[in-house]
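Undergrad: Just to be clear, the model below is a prediction. Sequence and coordinates:
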Amino acid sequence: MNRRVAAAAALRQLGPRLFSTAAISRSAAGGTWEPTLGVSPLALSRFLSTAASIGGEGADERAGAIASASTKREEKALASYWGVAPPRLFKKDGTEWRWTCFKPWDTYSSNVSIDLHKHHVPTTWGDKCARWLVKSLRVPTDIFFQRRYGCRAMMLETVAAVPGMVGGMLLHLRSLRHFEHSGGWIRALLEEAENERMHLMTFMEVSQPRWYERALVFAVQGVFFNAYFAAYLLSPKLAHRMVGYLEEEAIHSYTEFLKDLEAGKIENVPAPAIAIDYWRLPADATLKDVVTVVRADEAHHRDVNHFASDIHYEGHALRELPAPVGYH
Ligand SMILES: [Fe+2]
Ligand SMILES: [Fe+2]
């Protein structure tokens, strides 16, 4: 089969997929959204490059015609060559879902009534060490950031998003090695990591890091990732306990942040759009509302990690007790 014939055959096969449209609707807890299959410029270029590689000049001409027609009908729904083009989603008010990093079904209303004062009293030497370590880490943080809570929150989230990923990754590898279920803990810990990363994506909108702060993040991540990795391998119960205390400190920091917002020391600016969509906040939400839901998230992380540590202390493996997946 020569190249032109191959290209024509490929296009005949792909045609229905490329030009078909589909629309479905679905109800999410936060409202109705409607995905329609669409093609992104990237997906189109991937199709074009693939078609060209299959068919040479003839395919180039056909692909060029497709590109031209598609540009004019930018809004027309198409499916990509690989079938991985994300669906176009629409919010209840008819506006298009603008976020690629999370979808409507990833959003939630935070339970802000969670007890913020719950505290694990350290009794064992391990608990005391974990608490002491977290408390001692707070000293340089306080000196460096003082009461610049926006910047402080953003920087601390770069650290807070590490433990869930490390723990989830190690449990994932253990599950593979031992041919065993995880009890949902892999997902729960990866959810925590993603949630913390969304905190970072949110605070990036209200505070931009300076060059030396970016450099600090590089250094801290390099040290903290490896230290936590080693700690989790050696003692997951202490690693989770440490994160539990870290979250208790985060609750304290966000409470101080809220005090400054209420006192007018920090301007209570409108909430970033990403936060409004992620936490399903009202359109007129402010930074104070965002900090309130983030603080509630930290309280949930505190509970999950102290719970995980307690499971180990009781002599069980995490997989023996179902993980609090979706605990917000
Ligand atoms: Fe966080
Ligand atoms: Fe957290």
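TA: Received it, and whenever you're ready, just let me know what you need. Numbers count the residues shown, from 1 in each chain. Ligands and ions are numbered 1, 2, ... in the order given.
Undergrad: for the residue in the stretch 151-300 of the chain that ligand 2 sits nearest to, helix, strand, or coil?
TA: Residue nearest to ligand 2 within the stretch 151-300 of the chain: E298 (4.2 Å; CB to the ion). (C-beta placed from N, C-alpha, C; glycine too.) Using DSSP: H, G, I helix; E, B strand; the rest coil, the secondary structure recorded for E298 is helix.
Undergrad: For F229, grab the count of nearby residues.
TA: 18 (other CB atoms under 10 Å).
Undergrad: Next up, the contacts around it.
TA: By CB atoms under 8 Å, 6 or more residues apart in numbering, the residues touching F229 are V166, L170.
Undergrad: returning to that earlier point: next one: the residue of the stretch 151-300 of the chain closest to ligand 2 from H178, what distance?
TA: Distance of E298 to H178, computed by CB to CB, to the nearest Å: 32 Å.
Undergrad: Of those two, give the one with the bigger neighbour count.
TA: For E298 and H178, the more surrounded residue by other CB under 10 Å is E298, and the numbers stand at 24 against 10.
Undergrad: any idea how far the residue lying closest to the more buried one once chain neighbours are set aside lies from ligand 1?
TA: Spatially, and ignoring its direct neighbours in sequence, E298 is nearest to A250 (4.2 Å; CB to CB, 6 or more residues apart in numbering). Relative to ligand 1, A250 is positioned 6 Å away (CB to the ion, to the nearest Å).
Undergrad: Ok, T202 next?
TA: 9 Å.
Undergrad: H301 too?
TA: H301 is 7 Å from ligand 1, by CB to the ion.
Undergrad: ok, how many other residues are close to the residue nearest to that residue when sequence neighbours are not counted?
TA: Of all residues not flanking H301 in the chain, E247 sits nearest, at 4.6 Å (CB to CB, 6+ apart). Other residues near E247 come to 25 when the count uses other CB under 10 Å.
Undergrad: what sits against E247?
TA: With CB under 8 Å, 6+ apart, E247 has these contacts: A160, E298, A299, H301, R302, N305.
Undergrad: on that earlier part again, secondary structure element holding the residue nearest to E298?
TA: helix 236-262 (DSSP states H and E).
Undergrad: per-residue confidence for the closest residue to ligand 2 within the stretch 201-328 of the chain?
TA: Residue nearest to ligand 2 within the stretch 201-328 of the chain: H301 (3.5 Å; CB to the ion). We note a pLDDT of 98 for H301 in this prediction.
Undergrad: could you show me where the helices are in the stretch 151-300 of the chain, in order?
TA: For the stretch 151-300 of the chain, applying DSSP state H, counting those that start in this stretch gives helices covering 185-203, 211-234, 236-262, 273-278, 287-313.
Undergrad: Quick one, which of the ones you listed gets closest to C151.
TA: Nearest to C151, of all the helices of the stretch 151-300 of the chain, is helix 211-234, at 7.0 Å by CB to CB.
Undergrad: Now do that closest one against helix 236-262, angle only.
TA: If you take axes from the mean of the first three to the mean of the last three CA atoms, to 10 degrees, helix 211-234 sits at 150 degrees to helix 236-262.
Undergrad: got the CA positions of helix 211-234 in CSV?
TA: C-alpha atoms of helix 211-234 as CSV (Å, rounded to 0.1, in the frame of the first residue of the first chain):
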residue,chain,number,x,y,z
TRP,A,211,13.2,34.8,43.5
TYR,A,212,14.8,34.0,46.8
GLU,A,213,11.6,32.4,48.1
ARG,A,214,11.5,30.2,45.0
ALA,A,215,15.1,29.2,45.7
LEU,A,216,14.1,28.4,49.2
VAL,A,217,11.3,26.1,48.0
PHE,A,218,13.8,24.2,45.8
ALA,A,219,16.2,23.7,48.7
VAL,A,220,13.5,22.8,51.2
GLN,A,221,11.8,20.4,48.8
GLY,A,222,15.0,18.6,48.1
VAL,A,223,15.7,18.1,51.8
PHE,A,224,12.2,17.5,53.0
PHE,A,225,11.1,15.0,50.3
ASN,A,226,14.1,12.8,51.0
ALA,A,227,13.9,13.2,54.8
TYR,A,228,10.2,12.3,54.8
PHE,A,229,10.7,9.4,52.4
ALA,A,230,13.3,7.9,54.7
ALA,A,231,11.1,8.6,57.8
TYR,A,232,8.1,6.9,56.2
LEU,A,233,10.2,3.8,55.3
LEU,A,234,11.6,3.6,58.8
